[in-house]
Structures are given as C-alpha cells and as structure tokens.
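1. A predicted structure for the sequence below; I have some questions about it.
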Amino acid sequence: MSPKNLSGKIALVTGSSRGIGRAMAERLSREGASVAINYVNNSNSAREVVAGIETAGGAAIALQGDVSKLEDIQGLFDQTIEHFGRLDVLINNAGIRISKNVADIKEAEFDRLFAINVKGTFFACQQAARRLSDGGKIINVSSAVTRMMLPGYSIYAASKGAVDQITRALAKELGGRNITVNAVSPGPVDTDLFRDGKSEEQIQQMAQMAALGRIGQVQDIADAVAFLASEAARWITGQSIHVNGGYV
Ligand SMILES: NC(=O)c1ccc[n+]([C@@H]2O[C@H](COP(=O)([O-])OP(=O)(O)OC[C@H]3O[C@@H](n4cnc5c(N)ncnc54)[C@H](OP(=O)(O)O)[C@@H]3O)[C@@H](O)[C@H]2O)c1
C-alpha cells in the first residue's frame, strides 16, 4: 500500500477513544483520512486521540454518542457530515463483552450487550446505507469467538454472529453503489476489554493458543482494517476476515 492511500477520505470510527478503535482511527489518519472519534464516557481520552492526530498533521473531531441509542447514532452521522462534508468509511467498532455462564446471565445484561453490539452496529449500518458516499467502505468488528465453543461466551458470541450476518446481507444490498461491507474478526487483543477478569496466567495460556504464540496488539487489527478501507481491497465484500495470529 502507498503511504497515503486514504487521502481525502472521511471516516467515522465508533468507540475510538481507547483500545482497537483508537488504533484504527490513528492508522486511518496516517493513511490520510480525516476521522471522527466517537466515545461514550471518556471525553479526555477522546480529546487526547484528536490532539495526537492533529499534532501529526491530520484532522479529527471527538463526538460523544452512545451507539445503543438510535438518536445518538444519527447525531454521529449528522455531526461528521456537517463538519467534514461527507462520509466515506464507517468502522463499527464500539462493543462490550459480558462473559458469564448461561445460567447466570440477567435479562438486563443480555439487553445491554445486544443493544451496543448488535443494535448499535445495525443502526449505524442503516445510517451508512442512507448516507455513505458511493464507493464507500463499511467494516464491522466481529470476533474469533464466532468460530469457537467457549463456555461463558454465549451472548457475546451470539452478538458477533449477528454482526457477521448483518455484514453479509448489507454487502448484497449496497454492492450496486460499489460500497463494500466486511467484518474483521480479531482473536485476543491486549485491551481493557480483553484483560477484564483474566489472570496473567490465563492470558499467557491464550497467547500459546495462537500459531504465532502471542496475544494480538491493537496495531495488528488496525493494519488489517486500513487495508480493508483502501482501494486495494475493492474486490473483497461480504466477508468476515479473521485476524488472530492463527488462534482459530
Ligand atoms: N480486545 C479483544 O480481545 C477483542 C477481540 C475480538 C473482538 N473485539 C471487539 O473489538 C471491539 C473493540 O474492543 P476493545 O477491546 O478495543 O474494547 P475497549 O478497550 O473496552 O474499548 C471500547 C471502546 O468502545 C467505546 N464504547 C463502549 N460502549 C460504547 C457505546 N455504548 N457507545 C459508543 N462507544 C462505546 C469505549 O468508549 P469510552 O472510552 O468512552 O468508554 C471505547 O472507546 C469490540 O467490538 C470488541 O467486541 C475485541
């Protein structure tokens, strides 16, 4: 890839104040894209991401919005398009994980997880279907757990399975406008979401499960997303690309 192959493109990355989303936003900016940084609570962190991008010579804005609320999703699109003029790339990254055995999951936990991971992705895709530029790119963040049989992961894996299916249907719906729709499915990646509730020993065990013998780093996922957002990936659509160092 040439160093600046997203020059002039406008990208919205949900959940980009931290973790994988932050790395994706920073990577897209290094490729020349102007980026909208979305957060739900951590305004300081989002402002830090924007400041870092601006210092490096890029353009970014921080936008508060809870992707589990349709009104907030509409607001993210309104503000991005108002500020930058249009939208070319949507990355549906915001997500949470709840890992508990089926017997212990509460209705409110199910509803919250599906509201963020599935409803958020679905309605952001709906806004993109209405408002993304022709030739645009949608990348949804799924997970390696869709290929596994992991105890404690029933609702999280179910939510990511839904993300994969939204991706496939939308790829057909938007192909006529030359918009590609793909999912990227990370294995374990070293972030707050991943470390929550795990011991160092468990983390080392998971690292050894990967063919490449380590836990993923946010940059590993951001590089794959930068490729999918680029013209070089023009013939890839409707796919879930597993980026996991040979974990599954
Ligand atoms: N880490 C892994 O091992 C792994 C593996 C496979 C898939 N994934 C997926 O990758 C994505 C990112 O995960 P991560 O590990 O980077 O998570 P993370 O470190 O916990 O970061 C989550 C990001 O999402 C934002 N967010 C959370 N709830 C939101 C909401 N309701 N509306 C808008 N933004 C919201 C957070 O904003 P605030 O800073 O404001 O809280 C933060 O920017 C998720 O979809 C996750 O399921 C992660």
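-> Now that the structure is in, tell me what you want to look at.
2. Run through who's touching stretch 224-232.
-> 1, 5-6, 9, 11, 24, 27-28, 31, 33, 89, 91, 137, 139, 180, 182, 184, 233, 236, 241, 243 (Cβ atoms under 8 Å, 6 or more residues apart in numbering). No exception for glycine: its C-beta is placed from N, CA and C like everyone else's.
3. Walking through the protein, point out its strands one by one.
-> All strands of the chain, identified by DSSP state E, fall at 10-13, 34-39, 60-64, 89-92, 137-141, 180-186, 240-243.
4. would TSV of the ones you listed with mean neighbour count and distance to the ligand be doable?
-> Below are the strands of the chain laid out as TSV (neighbours: other Cβ atoms under 10 Å; distance: least, Cβ to the nearest ligand atom, whole Å):
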stretch	mean neighbour count	distance to the ligand
strand 10-13	29	9
strand 34-39	26	4
strand 60-64	21	8
strand 89-92	28	8
strand 137-141	26	4
strand 180-186	26	4
strand 240-243	20	9
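5. I'd like these as TSV, with mean pLDDT and distance to Leu228 appended.
-> Output for these, formatted as TSV (pLDDT from 0 to 100; distance: least, Cβ to Cβ, whole Å):
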stretch	mean pLDDT	distance to Leu228
strand 10-13	99	12
strand 34-39	99	15
strand 60-64	99	20
strand 89-92	99	9
strand 137-141	99	5
strand 180-186	99	5
strand 240-243	98	7
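6. is it possible to export the ones you listed to TSV including distance to Ala128?
-> Listed next are those as TSV, based on distance: least, Cβ to Cβ, whole Å:
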stretch	distance to Ala128
strand 10-13	9
strand 34-39	13
strand 60-64	15
strand 89-92	5
strand 137-141	5
strand 180-186	9
strand 240-243	18
